[in-house]
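Participant: With the input below, show me the fold.
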Amino acid sequence: MNIVEEVLLIIGLLMFPYGVYEIWKGSGDRQTKLIIIGISVVLYLVETILALR
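Facilitator: Below is the predicted model:
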């Protein structure tokens, strides 16, 4: 893993909880928010797996 990938992974790790908080705090249906948060979690996990390979 090169330094750019490491930096982006760390930034993503630090920003992820804030992004989930902003989604949850925003207006909208509860089910829609849960779907968006679920998609965010899956995409972050995929990003982490690809970065660590």
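Participant: Only C-alpha atoms from now on, for both contacts and neighbour counts.
Facilitator: OK.
Participant: Remind me what the helix or strand Val42 falls within packs against, helices and strands.
Facilitator: Element membership of Val42, judged by DSSP states H and E, is helix 30-52. With contacts taken as 3 or more CA pairs under 8 Å, 6 or more residues apart in numbering; DSSP states H and E, helix 30-52 sits against helix 3-25.
Participant: for the chain, which spans come out with low pLDDT?
Facilitator: For the chain, the stretches with pLDDT under 70 are 1.
Participant: that older thread, okay, buried residues for the helix holding Val42 please.
Facilitator: Of all the residues in helix 30-52, those buried under the rule 16 or more other CA atoms under 10 Å are Lys33, Ile37, Tyr44, Thr48.
Participant: And for stretch 14-29?
Facilitator: So, applying 16+ other CA under 10 Å, buried residues of stretch 14-29: Val20, Ile23, Trp24.
Participant: now it: how far from the chain's centre is it?
Facilitator: Distance of stretch 14-29 from its chain centroid, counting by CA atoms, centre = their mean, to the nearest Å, is 10 Å.
Participant: re earlier: any idea which of the buried residues of helix 30-52 is closest to Ile3?
Facilitator: Using CA to CA, Thr48 is the member of the buried residues of helix 30-52 that sits closest to Ile3, with 14.3 Å.
Participant: ok, now which ones touch the residue lying closest to that closest one once chain neighbours are set aside?
Facilitator: Spatial nearest neighbour of Thr48, chain neighbours left out: Leu9 (7.0 Å); criterion: CA to CA, 6 or more residues apart in numbering. Contacts for Leu9 (CA atoms under 8 Å, 6 or more residues apart in numbering) come out as Glu47, Thr48, Ala51.
Participant: Tell me the one of those residues nearest Val4?
Facilitator: Among the contacts of Leu9, Ala51 lies closest to Val4 (CA to CA), at 10.2 Å.
Participant: pretty sure the closest one is touching Val7, no?
Facilitator: No: using CA atoms under 8 Å, Ala51 is not in contact with Val7, being 10.6 Å away.
Participant: which one of the buried residues of helix 30-52 is nearest Phe16?
Facilitator: Of all the buried residues of helix 30-52, the one with the least separation from Phe16 (CA to CA) is Tyr44, at 8.2 Å.
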